[in-house]
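Chemist: Need coordinates for the following:
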Amino acid sequence: MELAGPGFASLPPELLATICTFLCSHCEREHNGQPWPFEADPDHQNYGSAQAGVQTPAQRLGSRSDSANLSSLSRVCRSLHAAAEPFLYHCPATSGQSDLWLLAKTLINRPDLASRVLELDLGYPTLDASILLTAMLLHLAPSLQRAHFCLPSDSAFNTLLAELAWSCPPLLSLKALAFSVLDTIFRPTKLSGAAPILRLAPHLRALHLDSCSSVTKHLGVFLGRDANTQPPSLHITELSLSHASLDFESLRFLLRETGPRLSRVSIRRTGTLRARGDWGHRLEFNDVLNNLNGSQQTLKNLSFTSSKEVLFTPARPRLDISTLHNFQALEILRTDAVFFTSHGETKPDNNPFTATIPSSLQELHLGGYYVNLGPDLRVLLAAFQVGHYAALRKIEIDAGVAEEYDPESEAAQQLREVAASFRSAGVDFVVHGDEHQHP
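Modeler: This next block holds a predicted model:
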């Protein structure tokens with residue numbers, strides 16, 4: 001049976017293009033203001049336990065259903081193919097290196113489509129073949145805005161990639177880069193291996209590193225900076241480190257190259273303790289704050305959390321995080337609850353909240369090992385009620401991830417009471433994992 005009237009393919013090209021934007025993940029995210037998957041890694045947003053069924057950012061890029069829908073649309077007729085084809089290359093879905101080779105071949109033969117590539121996931125290297133492939137795709141995508149690379153921890157790969165990258169023109173549109181590794185247990189990321197690609201992005205604004213273990217003091221040299229007296233090599237505003245096992249020195253070397261304009265920093269540390277009571281050179285919250293001194297006037301969003309195997313125990317000494325008070329642009333803070341417990345040792349003028357939190361803070365998210373926050377939070381509540389911390393509008397406590405959390409305990413009851421008082425004062429206070437709390 002034939003349909004009466006004009007068909008779908010007879011619509012004006014402009015309207016067909018609008019329809020395609022709803023099937024393109026890049027266009028949809030741009031329209032809705034949603035972040036790139038590497039900018040919204042769930043590992044940074046949840047404490048301790050992994051969520052069942054949650055994909056990594058690379059998996060979310062490589063398994064999009066929208067590309068299948070666009071591809072189906074493009075096969076209906078010539079006019080729909082012409083409308084959908086450019087959108088298929090905004091962020092081409094790839095599930096293996098063979099797909100990347102096919103993509104490279106297409107971009108060589110179709111420079112008009114090459115200019116349409118805005119995002120790439122180069123996450124399937126097999127050493128020698130992937131070196132040439134990586135360089136080819138960088139050369140073939142002049143409009144590239146975001147890219148993810150999975151770098152083998154192999155000196156030969158890094159050396160040859162550096163040589164090939166020299167022949168690539170600068171990627172002036174590239175604003176965000178993400179790096180991960182194939183084997184995060186035996187081959188953690190060393191940032192020097194990413195330097196050849198970083199040098200191609202003079203306008204880079206966001207850098208995301210997965211399983212980064214070390215940063216050499218010579219990073220500036222790898223990035224083309226001749227001396228420590230010269231300006232930083234990078235000028236990014238967003239830095240994200242997931243599954244990080246950096247120490248204080250490595251973070252210092254990294255931040256020395258990022259520049260002083262960071263507005264968002266997210267660090268999720270991982271690893272195992274050497275021995276009970278021996279904290280070694282593990283990166284601590286005060287280390288992060290001290291290294292971020294140069295961004296005190298620009299940092300708006302800070303996240304420093306721990307994976308489940310490194311969550312603190314009550315025996316952990318209280319750290320001095322008083323420099324947090326100097327970050328007067330900070331609006332959102334997400335970190336472990338233990339940093340804000342006094343263990344009953346604080347004096348009224350040394351409250352772990354009022355002595356550290358800047359007045360600009362709007363949201364406070366705490367999680368990890370459950371500690372008795374109630375008494376100290378009451379001091380913050382009193383300060384809020386007399387006009388301090390006027391910007392504060394949300395407090396979120398993730399108590400459910402701590403096995404030690406007992407919702408029937410006195411500490412839990414105190415937390416519920418102070419939560420109710422905050423809500424009465426106009427602050428949205430949520431305790432996750434507590435089935436006794438009331439709206």
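Chemist: List the contacts of Pro142.
Modeler: 114-115, 169, 171, 173 (Cβ atoms under 8 Å, 6 or more residues apart in numbering). Every residue, glycine included, has its C-beta placed from N, CA and C.
Chemist: Just give the nearest non-adjacent residue to Thr106, would you?
Modeler: Leu113 (6.5 Å; Cβ to Cβ, 6 or more residues apart in numbering).
Chemist: Run through the residues that contact that neighbour.
Modeler: When the contact criterion is Cβ under 8 Å, 6+ apart, the partners of Leu113 are 85-86, 89, 106-107.
Chemist: That one and Leu11, how far apart?
Modeler: To Leu11, Leu113 is 22 Å away according to Cβ to Cβ, to the nearest Å.
Chemist: Quick check: the gap between Pro375 and Ser67.
Modeler: Separation of Pro375 from Ser67 (Cβ to Cβ): 53 Å.
Chemist: Please say which of the two ends up with more neighbours.
Modeler: Under the neighbour definition other Cβ atoms under 10 Å, Pro375 and Ser67 were set side by side, and Ser67 has more, 21 against 16.
Chemist: What helix or strand is the more buried one located in?
Modeler: The secondary structure element spanning Ser67 is helix 66-74 (assigned by DSSP states H and E).
Chemist: what does that helix contact?
Modeler: Defining contact as Cβ under 8 Å, 6+ apart, one finds that helix 66-74 is touched by 20, 23-25, 28, 80-81, 83-85, 87-88, 91-93.
Chemist: Residue ranges of each domain in the chain, please.
Modeler: The chain breaks down into these domains under automatic domain parsing: 7-93, 328-439.
Chemist: Lowest mean pLDDT across those domains, which one is that?
Modeler: Averaged per stretch, pLDDT over the domains of the chain is lowest on domain 7-93, reaching a mean of 70.
Chemist: ok, the residue nearest to Thr106 to Phe149 distance?
Modeler: 21 Å.
Chemist: same thing with Ser322?
Modeler: In this structure, Ser322 lies at 39 Å from Phe149, with Cβ to Cβ as the measure.
Chemist: Can you pick out the residue with more neighbours from those two?
Modeler: The residue with more neighbours, out of Ser322 and Phe149 and counting by other Cβ under 10 Å, is Phe149; that gives 21 against 13.
Chemist: for the record, mean pLDDT for the host helix or strand of that one?
Modeler: Here Phe149, judged by DSSP H and E, is contained in strand 146-150. Strand 146-150 comes out with an average pLDDT of 82.
Chemist: Can you name every helix or strand that it contacts?
Modeler: If contacts are counted by 3 or more Cβ pairs under 8 Å, 6 or more residues apart in numbering; DSSP states H and E, strand 146-150 sits against helix 57-62, strand 119-122, strand 176-180.
Chemist: How is His208 assigned, secondary-structure-wise?
Modeler: In the three-state summary, His208 is assigned as strand, counting by DSSP: H, G, I helix; E, B strand; the rest coil.
Chemist: That should have said Leu113, apologies.
Modeler: Taken by three-state DSSP, the conformation at Leu113 corresponds to helix.
Chemist: which of the contacts of helix 66-74 sit farthest apart?
Modeler: The largest separation in the contacts of helix 66-74, counting by Cβ to Cβ, is between Glu28 and His81 at 20.7 Å.
Chemist: Which residue comes closest to Ala147 once chain neighbours are left out?
Modeler: Distances taken as Cβ to Cβ, 6+ apart place Leu120 nearest to Ala147, at 4.5 Å, with adjacent residues excluded.
Chemist: isn't that neighbour right up against Ala141?
Modeler: Yes - at 6.4 Å, Leu120 counts as touching Ala141 under the criterion of Cβ atoms under 8 Å.
Chemist: before we move on, back to that, against Ala419, how distant is the residue nearest to Ala147?
Modeler: Leu120 sits 45 Å away from Ala419, taking Cβ to Cβ as the criterion.
Chemist: which residues in the chain form strands?
Modeler: Using DSSP state E, the strands of the chain run over residues 119-122, 146-150, 176-180, 189-190, 206-210, 212-214, 238-244, 264-269, 301-306, 332-336, 363-367, 394-398, 428-432.
Chemist: can I get these in a markdown table with distance to Ser409?
Modeler: Supplementary listing: the strands of the chain in a markdown table, determined by distance: least, Cβ to Cβ, whole Å:
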| stretch | distance to Ser409 |
| --- | --- |
| strand 119-122 | 46 |
| strand 146-150 | 44 |
| strand 176-180 | 40 |
| strand 189-190 | 41 |
| strand 206-210 | 37 |
| strand 212-214 | 38 |
| strand 238-244 | 32 |
| strand 264-269 | 28 |
| strand 301-306 | 23 |
| strand 332-336 | 19 |
| strand 363-367 | 17 |
| strand 394-398 | 14 |
| strand 428-432 | 13 |
